[in-house]
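J.: Predicted model follows, preceded by the sequence.
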Amino acid sequence: MNKLTTIVAASLLIGTGFALSTTVKAQTPAPPAPPAAAPAPGHHHESEIQKLTDELTLSPDQVSKITPIIDAAKAQIKAIRTDATLTPDQQKAQVGPIRKQENKDIEAQLTSVQLATYKSLRKNHGQPAPVPATAPTVN
């Protein structure tokens, strides 16, 4: 009888332990969701086009001409940045002329007012262009 009591007690303990572990698992909060994935390729590109469109008030025709300019420069720069055979200094030396040509090609698509704003944007490292001063109005 002692053996039977031990078996029943052991079974009860195992069953209770299983029930408790299931309850604890159910009450344990799920691990936090993984961080959001990086923006899709081109996300930054789209925001760059949008920023230029907003800051320079680009026409749809200008956007259609400037978009491929930026696309080509981004592709060339990406190839340079992912080339493991180049040192950071070599990458910088190769990216510089691409950026200069990109700016020159973009500038060719702008009106004189847009060009002045674009140059101001570049000078201020992409910060919003300052609002031009206007003459005070006389009442």
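T.: Looks like it arrived, so ask away.

J.: State the mean pLDDT of stretch 63-79.
T.: For stretch 63-79, the per-residue pLDDT values average out at 95.

J.: Alpha carbons of that stretch, as PDB, please.
T.: Included here for stretch 63-79 are C-alpha records, laid out as PDB according to Å, rounded to 0.1, in the frame of the first residue of the first chain:
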ATOM      1  CA  VAL A  63      10.600  65.600 -61.100                       C
ATOM      2  CA  SER A  64      10.600  63.200 -64.100                       C
ATOM      3  CA  LYS A  65      14.000  64.600 -65.200                       C
ATOM      4  CA  ILE A  66      15.600  64.800 -61.800                       C
ATOM      5  CA  THR A  67      14.600  61.400 -60.600                       C
ATOM      6  CA  PRO A  68      16.800  59.400 -63.000                       C
ATOM      7  CA  ILE A  69      19.700  61.700 -62.200                       C
ATOM      8  CA  ILE A  70      19.400  60.900 -58.500                       C
ATOM      9  CA  ASP A  71      18.800  57.200 -59.300                       C
ATOM     10  CA  ALA A  72      22.000  56.900 -61.300                       C
ATOM     11  CA  ALA A  73      24.100  58.700 -58.700                       C
ATOM     12  CA  LYS A  74      22.700  56.500 -55.900                       C
ATOM     13  CA  ALA A  75      23.400  53.300 -57.800                       C
ATOM     14  CA  GLN A  76      27.000  54.400 -58.500                       C
ATOM     15  CA  ILE A  77      27.600  55.500 -54.900                       C
ATOM     16  CA  LYS A  78      26.100  52.200 -53.600                       C
ATOM     17  CA  ALA A  79      28.500  50.200 -55.800                       C
END
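
J.: List the buried residues in it.
T.: Within stretch 63-79, the residues scored as buried using 16 or more other CB atoms under 10 Å are 66, 67, 69, 70, 73, 74, 76, 77. Glycine gets a C-beta too; all of them are placed from N, C-alpha and C.

J.: hmm, who's touching it?
T.: The contact list for stretch 63-79 (CB atoms under 8 Å, 6 or more residues apart in numbering) reads 45, 48-49, 52-53, 58, 95, 98-99, 101-102, 105-106, 109.

J.: can you map out the helices along the protein?
T.: 2-27, 43-56, 60-81, 88-107, 112-123 (DSSP state H).
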